[in-house]
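**Student:** test case, fold it:
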Amino acid sequence: MRQPVFTENAVYHVFNRGVDKRTVFVEDMDYLRFLHQLYHLNDEDAVVNANYYFNPKTMTVESLPVKKSFKTRKRLVDILVFTLMPNHYHLMLRQRVENGITKFMQKLGTGYTMYFNKKNKRIGSLFQGTFKSVPITSNEHLIFLPHYIHTNPLSLNYGGLTSIDFLERYRWSSFLDYIGGDNFPSITEREYLLEVFGGESMYRVHTENCLMECSREDLTAKLDGAMPK
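**Tutor:** Sure, this is the predicted structure:
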């Protein structure tokens, strides 16, 4: 897929999956590492201390002492929505500065691949080529994309929970933060979309209505088949 020319203040759906559809988030620490990088790598300046490293002696990921800093990040993008799945991820990004999305995704892909390869004693690419991106070009696309991204984990629901209950228990997305929970609130900028949907309680209602009215196939069709296969 040819990358679009990213423009400031425009919104994009950005996604990628593991090479050969392999699992890229094996355990909780992998998800947490990626989320940590979503926040800390979203900065025009270089990030020297990633706060976590893989200790080959103990074969575990350990935390480094964190020095508090009052430096204000110069964000490359606004992360509006995210969901992480075992073998892929979805992001809804708004570019803040010139080439912001490209710089951010290069930092994110390189940083996580280095962590994963070091931890698992592997070499080579982890993700399936360059990240894919689709510009949001209509109000319908803008409204349905957050629901598509947030309901992605329903394919993992084998416990018989209702759809909305399962989404409320799934940690690796921004859904809980959108309905007033306290999951990973510092990662996302939610004001823009919450204003569109009418607030946190209404976002939950919109999601429930969407689940009743639309199948996953319907949502995919509404987004013009732009999702990863």
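**Student:** alpha carbons only for contacts and neighbour counts from here, please
**Tutor:** Noted.
**Student:** end to end on stretch 169-184, go ahead and measure it.
**Tutor:** Across stretch 169-184, the straight-line distance between its terminal residues is 13 Å, by Cα to Cα, to the nearest Å.
**Student:** of all the residues in it, which ones are buried?
**Tutor:** Neighbour-count burial for stretch 169-184, counted by 16 or more other Cα atoms under 10 Å, picks out 170-179, 183-184.
**Student:** pLDDT of it, averaged?
**Tutor:** Summarised as a single mean, pLDDT over stretch 169-184 is 95.
**Student:** could you list the low-pLDDT ranges of this structure?
**Tutor:** Of all residues in the chain, those with pLDDT under 70 make up the ranges 1-4, 47-71, 215-229.
**Student:** farthest-apart pair in the buried residues of stretch 169-184, please.
**Tutor:** Trp172 and Ile179 (14.4 Å; Cα to Cα).
**Student:** SS state for the most centrally placed residue in the chain?
**Tutor:** By Cα atoms, centre = their mean, the mean C-alpha position of the chain lies nearest to Phe82, the distance being 3.1 Å. Put simply, Phe82 is strand when judged by DSSP: H, G, I helix; E, B strand; the rest coil.
**Student:** I'd say it and Leu91 touch.
**Tutor:** Yes: with the criterion set as Cα atoms under 8 Å, Phe82 and Leu91 qualify as a contacting pair; they are 4.5 Å apart.
**Student:** neighbours of Glu8, how many?
**Tutor:** Applying other Cα atoms under 10 Å, we find 15 residues neighbouring Glu8.
**Student:** quick check: it is in a helix.
**Tutor:** No: secondary structure of Glu8, determined by three-state DSSP: coil, with no helix assignment.
**Student:** the strands in the protein, which residues?
**Tutor:** Along the chain, the segments classed as strands by DSSP state E run 11-17, 52-55, 60-63, 77-85, 88-95, 132-135.
**Student:** closest to Cys210 out of the ones you listed?
**Tutor:** If you check each of the strands of the chain against Cys210 by Cα to Cα, strand 77-85 wins as the nearest, at 16.8 Å.
**Student:** could you give the angle of that closest one to strand 88-95?
**Tutor:** Taking axes from the mean of the first three to the mean of the last three Cα atoms, to 10 degrees, one finds strand 77-85 and strand 88-95 inclined to each other by 170 degrees.
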